[in-house]
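# Pasting a predicted model and its sequence here:
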Amino acid sequence: MPLLEVWRGEWSEFYASWARKNTLTFDVADYYITGSWWADTIATIVFSGLTFLLAFMIRSRRLTSNGIGR
């Protein structure tokens with residue numbers, strides 16, 4: 001009968017499969033930066049869009065006054 005032990009830095013958490021009891025907490029919000037899937041998705045889309053916009057703006061600028069490097 002396996003006993004799963006997870007070290008948490010200062011203490012251990014346990015899961016006993018035969019009793020279906022554990023000291024681990026599985027909160028879905030802990031796996032997202034903002035605590036919400038929707039908020040993380042929107043933030044990622046906005047950040048990606050701004051990054052691509054910035055890259056496009058930098059790409060379209062002339063690097064020198066005579067146009068070399070374009």
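Happy to help now that I have it. Numbering: from 1, shown residues only.

# contacts and neighbour counts: CA atoms only from here.
Fine.

# Where does the record place the domain boundaries for the protein?
1-31, 35-63 (automatic domain parsing).

# Now do the strands in the protein.
Remark: strands assigned in the chain by DSSP state E are 3-7, 12-16, 21-22.

# Let me know which of these is the nearest to Leu54.
Nearest to Leu54, of all those, is strand 3-7, at 42.5 Å by C-alpha to C-alpha.

# Work out the gap between that closest one and the centre of the chain.
Strand 3-7 sits 25 Å away from the centroid of its parent chain (C-alpha atoms, centre = their mean, to the nearest Å).

# Quick check: Thr34 vs Ser48, distance?
When distance is defined by C-alpha to C-alpha, to the nearest Å, Thr34 is 17 Å away from Ser48.

# typo on my end, it should be Asp30
Distance from Asp30 to Ser48, by C-alpha to C-alpha: 23 Å.
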